[in-house]
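Chemist: sequence unknown, structure follows:
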């Protein structure tokens, strides 16, 4: 998607090669990702390794987008050697910035002249903290618990005091625009540590807050059912319907949460926010468009949406669903076989279920990223057919190249429960 | 004899096992993950056979591991 000038930089999550490519295709200006275990998704099996750094930065710079490396857990002495190694390798690979929360990372990265951004784990809530961190960082994310009035006051004061980062440019302010919210103040939750010795602040959160709970009367053992059992599970943040207010608050970077999310999630969310910031820039941001974006955002993983604390809510809104309230889900159909570039035809081997004319399909892969289309015609052995079942080698028109490692899915509606 | 095994790839280097059983676990200076002292690698698993008297400390290490990658069994 072509980019139009906008005051916002859209920062998308890249927890996998598929998500990285999907973010690029959807028009992200920058991506953030983690390597090894010193990041907030240490538990994730998708994490990249140090060896992947060069390839990631090459892909990003090749597509004209920035790459930010998260190195933002609590650090102990025994982590310092690995931390330094990651910073050194990030520098060699040309990573655009390191997202840090521990002063050890900030200090070492500054010595190595690697730009630093401040993580939400540092919980910046006031202008003095911004000024303090400006000695290290050119961009900082503000605490998710601030109101837009507080955000606006901070950006105004940055301009008034001319607070600049190490680059000499004014400090840029980032906020979380979309995705999962923590039930606790970010970086200060110890639930997972208490129950499973798994520190959320070391990237090992087991997400106790997403579970349902009973209250037990300790004297007689009676268990009380609570109307909404998910008493701690915050709904997901969605700001697409007040991005104009966020623009007026002087925010520069919109961060989309979700390094644990799939390529279709990253593609859909990034596309919506890209379209929205372009609409704000060209004066076409409208209620009709907001409705369409919200419908689109509801098709992928979500726990129901709310506007976070930005508009002045005093208490959170809790989800009432186990897992996702997405309006669609994907069904695996098969894998890539061959792509005929001249005729623009993709061939897939169907391994499960049936592909029909009219189906809405998506393709994900480590190089392909994310592609979606509606099937107009299917051919088996070059003969048009209405449907193709398991075992068939099918072909259909697709402008995007596909690879044998790609997976084909069908999008189907989720039945409301 | 008991056998201690560790799925090292998934280690997040929290140091909890080192604190529980300092004689058997050490954090690698190279990659920041916990290394099973005396262990040999089979596929992704690091394994070592040790005397029964190491059971208590290492069962504590398995219990406190946040990513549950340490296993003990009696041979």
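Modeler: Here it is on my side, so go on. What you see is a predicted model, and the numbers here were worked out from it, not measured in a lab.
Chemist: report the longest helix in chain B, please.
Modeler: The residue-count maximum for a helix in chain B (DSSP state H) belongs to helix B:55-64.
Chemist: pLDDT on that one, on average?
Modeler: This predicted structure assigns helix B:55-64 an average pLDDT of 95.
Chemist: hmm, the following helix or strand past it in reach of chain A?
Modeler: Sequence-wise, the next helix or strand beyond helix B:55-64 is strand B:70-74, with elements assigned using DSSP states H and E. No: against chain A, strand B:70-74 shows no contacts by CB under 8 Å from any CB of the partner chain, the least distance being 12.0 Å. Every C-beta, even on glycine, is put in place using the N, C-alpha and C of the backbone.
Chemist: Check which residues of strand B:70-74 are buried.
Modeler: B:70, B:72 (16 or more other CB atoms under 10 Å in any protein chain shown).
Chemist: name the helices or strands packed onto that strand?
Modeler: For strand B:70-74, the contact count by 3 or more CB pairs under 8 Å, 6 or more residues apart in numbering or on different chains; DSSP states H and E identifies strand B:2-7, helix B:55-64 as packing neighbours.
Chemist: what is the rounded mean pLDDT of it?
Modeler: Mean pLDDT, strand B:70-74: 96.
Chemist: any idea of the angle it forms with strand B:2-7?
Modeler: Angle between the axes of strand B:70-74 and strand B:2-7 is 160 degrees (criterion: axes from the mean of the first three to the mean of the last three CA atoms, to 10 degrees).
Chemist: Which of the three states applies to the residue of chain B positioned farthest from its centre?
Modeler: Here chain B reaches farthest from its C-alpha mean at residue B:30, the gap being 17.1 Å by CA atoms, centre = their mean. Following DSSP: H, G, I helix; E, B strand; the rest coil, we place residue B:30 in the coil state.
Chemist: gap between it and chain A?
Modeler: 8 Å (CB to the nearest CB, to the nearest Å).
Chemist: got a pLDDT number for that residue?
Modeler: We note a pLDDT of 88 for residue B:30 in this prediction.
Chemist: mind checking which helix or strand the nearest residue to it once chain neighbours are set aside is in?
Modeler: Here the nearest residue to residue B:30 in space, its sequence neighbours aside, is residue A:81; by CB to CB, 6 or more residues apart in numbering or on different chains that works out to 7.5 Å. Element membership for residue A:81 (DSSP H and E) is helix A:80-93.
Chemist: model confidence over whichever helix or strand comes after that helix, on average?
Modeler: Moving toward the C-terminus from helix A:80-93, the first helix or strand encountered (DSSP H and E) is strand A:97-100. Per-residue confidence for strand A:97-100 averages out to 98 on the pLDDT scale.
Chemist: swap in stretch A:32-50?
Modeler: Confidence over stretch A:32-50 (mean pLDDT, whole number) is 85.
Chemist: Quick check: buried residues in it?
Modeler: For stretch A:32-50, a neighbour-count test (16+ other CB under 10 Å) marks A:32-44, A:46-48, A:50 as buried.
Chemist: what does stretch A:124-143 give?
Modeler: A:124, A:127, A:129-130, A:133-134, A:136-143.
Chemist: got it, and stretch A:63-77?
Modeler: When burial is assessed from 16+ other CB under 10 Å, stretch A:63-77 yields the following buried residues: A:65, A:66, A:67, A:68, A:69, A:70, A:71, A:72, A:73, A:74, A:75.
Chemist: That one close to chain B?
Modeler: Yes: against chain B, stretch A:63-77 shows contacts by CB under 8 Å from any CB at residue A:76.
Chemist: Span of that stretch from start to end?
Modeler: Between the opening and closing residues of stretch A:63-77 we find a distance of 37 Å, counting by CA to CA, to the nearest Å.
Chemist: try stretch B:44-54
Modeler: The first residue of stretch B:44-54 is 23 Å away from its last residue (CA to CA).
Chemist: contacts for that stretch?
Modeler: B:1-9, B:21, B:23-24, B:35-41, B:58, B:74-75 (CB atoms under 8 Å, 6 or more residues apart in numbering or on different chains).
Chemist: so where does residue A:64 fall, helix or strand?
Modeler: In this structure, residue A:64 sits in neither a helix nor a strand according to DSSP H and E.
Chemist: how about residue A:339, secondary structure?
Modeler: Applying three-state DSSP to residue A:339 yields a three-state assignment of strand.
Chemist: and it, how far is that from residue B:46?
Modeler: Distance of residue A:339 to residue B:46, computed by CB to CB, to the nearest Å: 42 Å.
Chemist: With neighbour numbers in mind, choose between the two.
Modeler: Neighbour totals were compared for residue A:339 and residue B:46, and residue B:46 leads with 23 against 19 (other CB atoms under 10 Å in any protein chain shown).
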